[in-house]
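S.K.: below are the sequence and a predicted model for it; my questions follow.
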Amino acid sequence: MPELPEVETIRSQLAAALPGRRIRAVDLLTESMLLDVTSAEFTAALEGRRIIDVRRRGKFLVFPLNGDLFLTIHLGMTGQVLLEGPTGPSVSPHNRFVFRLDAPASAVAVATGAPGALLVFRDIRKFGRVHLTLSGPAARVARMGPDAWPGDDWDEAGLSAMMRGRRAPLKAVLLDQRHVAGIGNIYADEILFAAGLSPVRAAGSLSAHEIGKLAAEIKLTLAEGVRLRGCSISDYVDAGGEGGGFQRVLRAYGRQGQECLRCGGTMVRTIVAGRGTAFCPSCQR
DNA sequence: CCCAAGTCCTGGTTGC
DNA sequence: TGCAACCAGGACTTGG
């Protein structure tokens, strides 16, 4: 699933190719995934609009456009954003939005050979959402806590305050985007394994030392995810259609029944916060 | 038929 | 006791 490292990989690719380019036309193929405006308003407002920047907030992509408009995209569970050449879009029954762009306008995009006269939002499961709003990103983006990575705007003290007094399982708090934004099910399991903490511990029960370890592993694990360009365990590919590499270094997610890479015990699976959860009961306390 | 999962929503519980 | 904060679980979606 696209979590912070996957969305960040896509963002960096798009940021190298899109700023300065205009949206010539839009094909809206699945209306149910559009929020905040009608289809007619959406296509009319985007036509001729220039993309100013490509930003990320948690798992959201945010495209500021000229005229104080903001396009906000969430990839849900199986969403992909693909930059394709002008002959496309490649045929798929799961294409949901196709943004037809003009030729590259920036010298950088030309120099890097940025392809992409088309920006395709494809999503098998329709969990993804597209917003078009005025004066700022979609309202749901404002509800996000500080970005988990790179983590310049939160620290151990902030994490401690988020956890204090909570009886909810530790993993549920990591997954709650209002506390720290960008962590999903895969990275949550990996972070908790790395920190040696049980996903079912009450969040409020962590010691200061454990909070410190957790804070460090959130940043380290997501940094590794970004470095390896995301985790392609199911549908994820980057904007060029390439898979990431993080699936090769998974130590917890999906490893139930297998040997713990730290203590040699057996990894188990349980449900936490409604999500499948793999962990080592002997070395994650 | 069940499972996968991110977000929103609802309804029940807890604790000040 | 009242009320807000908190927390669990369902809905949505479709391919394996």
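M.R.: Done, it's in. Residues are numbered from 1 along each chain as shown, chains lettered A, B, ... in the order given.
S.K.: all contacts plus neighbour counts: C-alpha atoms, from now on.
M.R.: OK.
S.K.: distance of the closest residue to DNA strand B within the stretch 101-250 of chain A from DNA strand C?
M.R.: Using Cα to the nearest atom of the strand, the closest approach of the stretch 101-250 of chain A to DNA strand B is made by A:Gly184 at 3.7 Å. A:Gly184 sits at a distance of 14 Å from DNA strand C (criterion: Cα to the nearest atom of the strand, to the nearest Å).
S.K.: ok, A:Tyr236 next?
M.R.: Using Cα to the nearest atom of the strand, we find A:Tyr236 at a distance of 13 Å from DNA strand C.
S.K.: any low-confidence regions in chain A?
M.R.: Counting by pLDDT under 70, chain A contains low-confidence ranges at A:88, A:104-116.
S.K.: rerun at 80
M.R.: Chain A contains residues with pLDDT under 80 at A:87-90, A:103-116.
S.K.: and it, what are its domains?
M.R.: Following automatic domain parsing, one finds the domains of chain A at A:4-142, A:156-279.
S.K.: what residues are up against the residue of the stretch 101-250 of chain A closest to DNA strand B?
M.R.: By Cα atoms under 8 Å, 6 or more residues apart in numbering, the contact list for A:Gly184 reads A:Met1, A:Glu3, A:Leu4, A:Leu175.
S.K.: pull up the residues of chain A that are close to DNA strand B.
M.R.: For chain A, the contact set with DNA strand B under Cα under 7 Å from any atom of the strand comprises A:1-3, A:58-60, A:74, A:76-77, A:127, A:140, A:175-177, A:182, A:184-186, A:275-276.
S.K.: quick one: contacts of the stretch of helix or strand A:Ala25 belongs to?
M.R.: Using DSSP states H and E, A:Ala25 sits in strand A:23-28. The contact list for strand A:23-28 (Cα under 8 Å, 6+ apart) reads A:39, A:43, A:46-51, A:96-102.
S.K.: now do stretch A:46-54
M.R.: Stretch A:46-54 has contacts (Cα under 8 Å, 6+ apart) with A:11-12, A:14-15, A:18-26, A:61-67.
S.K.: filter those by proximity to DNA strand C?
M.R.: Of the residues in the contacts of stretch A:46-54, proximity to DNA strand C by Cα under 7 Å from any atom of the strand holds for none.
S.K.: whichever of these end up buried, select them in ChimeraX.
M.R.: Filtering these down to the buried ones (16 or more other Cα atoms under 10 Å) takes a single ChimeraX command:
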select /A:11,14,15,18,19,20,21,22,23,24,25,26,61,62,63,64,65,66
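S.K.: just the contacts of stretch A:46-54: which are in strands?
M.R.: A:Ile23, A:Arg24, A:Ala25, A:Val26, A:Leu61, A:Val62, A:Phe63, A:Pro64, A:Leu65 (DSSP state E).
S.K.: the last one bridge partners, please.
M.R.: Beta-bridge partners of A:Leu65, counted by DSSP bridges, are A:Ile51, A:Leu69.
S.K.: could you find the closest non-adjacent residue to the residue of the stretch 1-150 of chain A found nearest DNA strand C?
M.R.: Closest to DNA strand C within the stretch 1-150 of chain A is A:Arg125: 4.2 Å, counting by Cα to the nearest atom of the strand. Among residues not flanking A:Arg125 along the chain, A:Thr78 sits closest, at 6.1 Å (Cα to Cα, 6 or more residues apart in numbering).
S.K.: rewinding a little: would you list the ones in strands among the contacts of stretch A:46-54 in CSV and tack on distance to A:Pro86?
M.R.: Converted to CSV, the ones in strands among the contacts of stretch A:46-54 look like this (distance: Cα to Cα, whole Å):
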residue, distance to A:Pro86
A:Ile23, 13
A:Arg24, 12
A:Ala25, 13
A:Val26, 14
A:Leu61, 23
A:Val62, 23
A:Phe63, 21
A:Pro64, 23
A:Leu65, 22
